[in-house]
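J.: Everything below, folded, please.
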Amino acid sequence: MRSRSVLSVCAFLMCCSAANADPITVTSGSIAVMGNTGGIASSLLGDGLDLHAIADSDSRVDPRFCSPCTATQALSFGARLSDFHGAGPGTVNGTYYPTLFLEGFLDVTGATVPNALANGLTVTAPFTMTAPLRGYARDNIGGNGGPVLFTVTLIAHGTATANFSSVPVNPGFPPLFMFHDVMYRFESTPSPTPEPATLVMLSTGLAGLVMRSRSRRR
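T.: Model (predicted):
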């Protein structure tokens with residue numbers, strides 16, 4: 001009975017460990033979107049990570065909505081990519097899979113740039129990404145993918161660059177622009193953190209405000 005209890009506890013801990021596994025950080029690679037109806041290719045690389053996927057061309061890519069658009073329109077860099085096509089080799093958590101079908105989505109949260117095309121045909125903005133993914137040895141259409149090889153959440157950040165082309169218009173009309181492509185490039189550099197001196201100044205300032213508030217109450 002005791003051995004069964006030990007085994008049950010071990011199994012429970014293993015399940016909890018798998019369910020609460022730390023996300024994997026994508027440190028390089030990109031998501032490339034060509035045109036309004038073109039393919040969406042992604043390359044997700046990191047420590048023990050090497051995945052490549054083609055998302056459905058109908059996936060939401062916000063820069064595509066700016067086609068045509070005027071120079072003063074705001075441009076969002078958000079996107080949600082899903083319905084991955086085909087299979088190929090891949091590596092997750094250091095484990096190599098010769099044939100891999102991916103299921104899930106890439107959820108991109110990008111900045112919104114006001115008056116995006118007022119100063120040129122190329123617009124850049126920062127973005128972050130979260131991607132819950134599952135891997136199968138076979139296509140999981142109809143739930144026939146067999147056992148799940150892995151379940152993982154990827155996180156990333158980087159810089160997105162969108163390119164547009166100008167559209168000829170009649171004299172007196174505002175210029176129009178058409179979407180051409182957007183590239184989301186992943187970066188390994190960490191987000192900037194406040195310098196120690198800045199933190200000291202902030203804490204000193206807060207302390208001063210507290211002292212002033214107390215003196216006024218007296």
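J.: Any regions of this protein where pLDDT drops low?
T.: For the chain, the stretches flagged by pLDDT under 70 are 1-20, 190-218.
J.: Mind naming the longest strand for it?
T.: When the chain is scanned for its longest strand (criterion: DSSP state E), the result is strand 148-167.
J.: Give me the packing partners of that one, helices and strands only.
T.: Helices and strands touching strand 148-167, by 3 or more Cβ pairs under 8 Å, 6 or more residues apart in numbering; DSSP states H and E, are strand 24-25, strand 40-46, strand 95-110, strand 122-136, strand 176-186. Placement of C-beta: from N, CA and C, glycine included.
J.: Surely residue 97 touches residue 149?
T.: Yes. Using Cβ atoms under 8 Å, residue 97 makes contact with residue 149 at a distance of 6.2 Å.
J.: quick revisit: so can I have JSON lines of the helices and strands packed on strand 148-167 showing distance to residue 161 and mean neighbour count?
T.: Output for these, formatted as JSON lines (distance: least, Cβ to Cβ, whole Å; neighbours: other Cβ atoms under 10 Å):
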{"stretch": "strand 24-25", "distance to residue 161": "21", "mean neighbour count": "18"}
{"stretch": "strand 40-46", "distance to residue 161": "15", "mean neighbour count": "20"}
{"stretch": "strand 95-110", "distance to residue 161": "11", "mean neighbour count": "18"}
{"stretch": "strand 122-136", "distance to residue 161": "5", "mean neighbour count": "18"}
{"stretch": "strand 176-186", "distance to residue 161": "5", "mean neighbour count": "19"}
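J.: between those strands, which gets nearest to residue 167?
T.: Comparing these against residue 167 with Cβ to Cβ, the closest turns out to be strand 176-186 (4.2 Å).
J.: For the closest one, name the packing helices and strands.
T.: Counting contacts by 3+ Cβ pairs under 8 Å, 6+ apart, strand 176-186 packs against strand 28-34, strand 69-70, strand 122-136, strand 148-167.
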